[in-house]
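> coords please:
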Amino acid sequence: MLGTDFSTGSPSWIDLGSPDTDAAAAFYTAVFGWVFTSAGPDAGGYGFFQQDGKTVAALGPLTDEGASSAWTVYFQTPDAEATAQATEKGGGKVRVPAMDVMDAGRMAAMTDPAGAEFAVWQPGAVKGLDRTSENNTLLWVELHVPDPQAALSFYRGLFGWRWSEMAAPGMTYRVISTAEGDQEDTSFGGAAELQGEGMKPSWIPYFTVMDPDRTAEAVQGNGGTVLMPAADVPEVGRIAWFADPFGAPFAVLKPDPRM
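Have a look, this model is predicted:
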């Protein structure tokens, strides 16, 4: 599961682009108990979701014309510009070239060859999220694309990722790990084939919760939608998928105690 000792290729940041940041902040505060804190007058409306003063995610306004509300997963890199160049060589696209984010670090935003959007973070003063894998924080990220094997080969070219296959109902699931360290201990996410009509290639964040069914009630009670009702997955836990009031998909997981 995710930690905060980030290494190359590990998810180190996550943010939400929304057409209405005030309403989005209110929704996630109601669902997860987060507190939204502005990054300041020069941040263009960007700010941080916090838990006990620890940053667990971020939020900003949509900046691209026609963009849909969505969560973006950032993977750590020692060189954002080099990773952007490798993305293009590997068949992906660079949406936002490498740029400085004040003294916090450098970022770039890309789209993989399958169409899933992601970003990279080269840390400066900000190393990444302050808290993960605790209640109401980021636990897991999941890639959904038509051809997971091909997509993971692309990401291996960027980050050196490793993965292992496991059988899952109706599919082969691939558990992803960073390039170095014990493969099981450094796992942070998975990859699966697209399921269901209308779903587009994407990275989906999973947040830990104590009770996915109660979270579903909070989502619906605050204008969100249940995309997949809470269900038990053997040896994984109880999961559910939602969309916030502006259509950004996300998931929750109550891990199996044996994980």
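
> residue boundaries of the helices in the stretch 101-250 of the chain?
Per DSSP state H, counting those that start in this stretch, the stretch 101-250 of the chain carries helices over the ranges 148-159, 212-221.

> quick one: buried residues of the first one?
When you say that, I think you mean helix 148-159. Under the neighbour-count criterion of 16 or more other CB atoms under 10 Å, helix 148-159 has 148, 151-152, 154-159 buried. In this view, the C-beta of every residue, glycine as well, is placed from N, C-alpha and C.

> check stretch 109-127 too.
109-110, 112-114, 116-123, 126-127.

> re the thing from before, could the buried residues of helix 148-159 go into a markdown table alongside pLDDT and distance to residue 186?
Shown next, in a markdown table, are the buried residues of helix 148-159 (pLDDT from 0 to 100; distance: CB to CB, whole Å):
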| residue | pLDDT | distance to residue 186 |
| --- | --- | --- |
| 148 | 96 | 19 |
| 151 | 97 | 19 |
| 152 | 98 | 15 |
| 154 | 98 | 19 |
| 155 | 98 | 14 |
| 156 | 98 | 14 |
| 157 | 97 | 18 |
| 158 | 98 | 16 |
| 159 | 98 | 12 |
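
> helices and strands around the lowest-mean-pLDDT helix or strand in the chain, which ones?
Within the chain, no helix or strand scores below strand 162-168, which has a mean of 90 by mean pLDDT, DSSP states H and E. The contact analysis (3 or more CB pairs under 8 Å, 6 or more residues apart in numbering; DSSP states H and E) places strand 162-168 against strand 171-177.

> tell me which strands the strand it packs on pairs with, and in which orientation.
strand 162-168 (antiparallel), strand 187-193 (antiparallel) (DSSP bridges).

> most packed of these?
Stretch with highest mean neighbour count among those: strand 187-193 (a mean of 21; mean count of other CB atoms under 10 Å).

> for residue 246, give me its contacts.
18-20, 23-24, 69 (CB atoms under 8 Å, 6 or more residues apart in numbering).

> looking at those residues, which are in helices?
Among these, the residues falling in helices (DSSP state H) are 23-24.

> out of the contacts of residue 246, which end up buried?
18, 24, 69.

> mind putting these into TSV with pLDDT?
Listed next are these as TSV, based on pLDDT from 0 to 100:
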residue	pLDDT
18	97
24	98
69	95
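
> okay, stretch 68-85 in PDB with CA atoms only?
What follows is stretch 68-85, C-alpha atoms only, in PDB (Å, rounded to 0.1, in the frame of the first residue of the first chain):
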ATOM      1  CA  SER A  68     -14.100  17.200 -17.800                       C
ATOM      2  CA  SER A  69     -13.800  17.100 -14.000                       C
ATOM      3  CA  ALA A  70     -11.400  14.300 -12.900                       C
ATOM      4  CA  TRP A  71      -8.800  13.300 -10.400                       C
ATOM      5  CA  THR A  72      -5.200  13.300 -11.700                       C
ATOM      6  CA  VAL A  73      -2.600  11.000 -10.200                       C
ATOM      7  CA  TYR A  74       1.000  12.300 -10.100                       C
ATOM      8  CA  PHE A  75       3.900   9.900 -10.200                       C
ATOM      9  CA  GLN A  76       7.300  10.900  -8.700                       C
ATOM     10  CA  THR A  77      10.200  11.500 -11.100                       C
ATOM     11  CA  PRO A  78      13.700  12.800 -10.700                       C
ATOM     12  CA  ASP A  79      13.400  14.800 -13.900                       C
ATOM     13  CA  ALA A  80       9.900  15.900 -15.200                       C
ATOM     14  CA  GLU A  81      11.300  17.100 -18.500                       C
ATOM     15  CA  ALA A  82      13.000  13.800 -19.300                       C
ATOM     16  CA  THR A  83       9.900  11.900 -18.400                       C
ATOM     17  CA  ALA A  84       7.800  14.100 -20.700                       C
ATOM     18  CA  GLN A  85      10.200  13.400 -23.500                       C
END
